[in-house]
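[1] prediction below, plus the sequence it came from.
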Amino acid sequence: MPSKSSRLLVLVSVLQLAAGGTAQNITVPARLQGLEGTGSQSLPFGITQTGANAVRYMCLYDAEELPWTGPRVISAIALRADNDVPNTTSFPQINYVSYILTLSTSTVRVANVSANFDANHGIDRTVVVQNGSLVLPAQPAQAGVRPANIVLPFDAPWVYGMNPLRTAPAPTTLVIDLQIWSQPGPGSGNAYRLDNFASCSSQPTLFGSPPGNCTANRNGGGAGNAVTISGGSTMLAGGTYVYTLAGMPPSTTFSLVLDLSNQGTFLGQPLPYPLFDPANPQQPLPGSPFPFAAPDCWVNVAPVHAVPGTSSASGTGNTTVAVPLGHQFVGVSMFAQAVVLDPTANQMRLVTTQGLRSTVCGPLGVARVHFLGNHLATSGSAVIGQGAVFEVQ
């Protein structure tokens, strides 16, 4: 077993390494460094509900959202006021907010957040501010992201992740527990909002060969228009995502094909794969197993997974796809294309859409638990994907 002196040297070394990372303030969640959050939250300061000016407000952040690894000394956190409408949004100074602040690390992942406050804390739970008094600074209208100037200094520095000196597992989550027992009540002009991560936006984009003359015969008597594919602007891990098709023949069958790539091959040939001979569009591609051609129709996605559907009387259709749950899927793209049955469009009796790429944009590994009216509440409302944006000092 190491001697006391050697253990002390290890402790000093770890503290020095951790302290070396505190020279610059850094934003949590890390990907919102210099970026405005996608939400605005009146919790915990902008409460206007009668009798609810006392609040217990907890935020959890998975380790992947932290802009550091290993131990880190933290002497304060600084919250960031919202600026959802640049050059317009403003908040007055608020006097005074009385609070208790507790920090811990935890093995409770955001996906498993509990409505019970104490269940989310880890064994290193520490009251870092015992009797805090805070003035919320005035936030005048300005352009761009606000500075994180709502500073909560600790009574003494706290160290995140001192795991080399104990047998506990590495922390997977940072927990911030703010208990406000007094602040200006309703009617005090305290609609003071924090920058918050809530929804996210990731606009889908088309890819692959455009349909050209690959059109659906929607009226039974002549050439139609290309079938279109579109998707929502928010794709969340653990949620559902809706694809919308339009321009199909009425009451026909279609199949939405999906893959995690628009690369690779189809029938041994690279994508995009033509369902016709480019040199003679009315004929099938030489060597193709299909005996007929679908001029200007392309396979843009290898059909790893397919979801069937039926168009409406107006030629539209929706397909809902489940998105896997997990932080590791944020940033992953899903590639989709529809294949539509149309017996009168061409000899192959089908048409295809262009490809559509949609990317999982959230939720971040952030969760919030809160209760209004009692700073000593033991449980509250838990929401995944929402939480305050702040800086570590």
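    Nice, I can see it. Numbers count the residues shown, from 1 in each chain.
[2] so what are the domain limits for this structure?
    Domain assignment of the chain by automatic domain parsing yields the ranges 7-199+363-392, 205-359.
[3] where among those is average confidence lowest?
    Per-segment mean pLDDT for the domains of the chain reaches its minimum on domain 7-199+363-392, at a mean of 85.
[4] rewinding a little: I'd like the domains of the chain written out as a markdown table, with mean neighbour count added.
    In short, each C-beta sits where N, CA and C put it, glycine included. Formatted as a markdown table, those follow (neighbours: other CB atoms under 10 Å):
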| stretch | mean neighbour count |
| --- | --- |
| domain 7-199+363-392 | 18 |
| domain 205-359 | 18 |
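[5] quick one: strands adjacent to whatever helix or strand residue 95 lives in?
    Assigned by DSSP states H and E, residue 95 belongs to strand 94-106. Neighbouring strands of strand 94-106 in its sheet, by DSSP bridges, are strand 126-136 (antiparallel), strand 173-182 (antiparallel).
[6] got the CA positions of the last one in PDB?
    Coordinates of the C-alpha atoms in strand 173-182 are reproduced here as PDB (Å, rounded to 0.1, in the frame of the first residue of the first chain):
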ATOM      1  CA  THR A 173     -22.600  13.100 -14.800                       C
ATOM      2  CA  LEU A 174     -22.200  16.600 -13.200                       C
ATOM      3  CA  VAL A 175     -25.100  17.500 -10.900                       C
ATOM      4  CA  ILE A 176     -25.900  21.200 -10.000                       C
ATOM      5  CA  ASP A 177     -28.600  21.600  -7.300                       C
ATOM      6  CA  LEU A 178     -29.800  25.200  -6.700                       C
ATOM      7  CA  GLN A 179     -32.200  25.800  -3.800                       C
ATOM      8  CA  ILE A 180     -33.600  29.300  -3.900                       C
ATOM      9  CA  TRP A 181     -35.400  30.000  -0.600                       C
ATOM     10  CA  SER A 182     -36.100  33.700  -1.200                       C
END
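[7] what about the helices in this structure?
    Using DSSP state H, the helices of the chain run over 4-19.
[8] might you report the residue contacts of residue 297?
    211, 214, 274, 275, 276, 346, 348, 350, 351, 352 (CB atoms under 8 Å, 6 or more residues apart in numbering).
[9] could you single out the nearest of these to residue 73?
    residue 352 (57.6 Å; CB to CB).
[10] spatially nearest residue to the closest one, not counting backbone neighbours?
    residue 297 (4.6 Å; CB to CB, 6 or more residues apart in numbering).
[11] and the one you found, how far from residue 309?
    18 Å (CB to CB, to the nearest Å).
[12] do the same with residue 366
    Residue 366 is 34 Å from residue 309, by CB to CB.
[13] now residue 316
    10 Å.
[14] so what sits against both of these two?
    In contact with both residue 316 and residue 309: residue 245, using CB under 8 Å, 6+ apart.
[15] in this structure residue 266 contacts residue 273, no?
    Yes - counting by CB atoms under 8 Å, residue 266 touches residue 273, with 4.2 Å between them.
[16] overlap in contacts of these two?
    Common neighbours of residue 266 and residue 273 (CB under 8 Å, 6+ apart) are residue 299.
[17] so what pairs up with residue 55 in the strands?
    residue 180, residue 372.
[18] how about it, what does it touch?
    So residue 55 contacts 43, 44, 47, 178, 179, 180, 183, 370, 371, 372, 373, 375 (CB under 8 Å, 6+ apart).
[19] contacting residues around the second one?
    When contacts are counted by CB under 8 Å, 6+ apart, residue 44 is found next to 55, 57, 178, 180, 370.
[20] which pair in these spans the largest distance?
    Counting by CB to CB, the most remote pair of these is 180 and 370, 10.4 Å apart.
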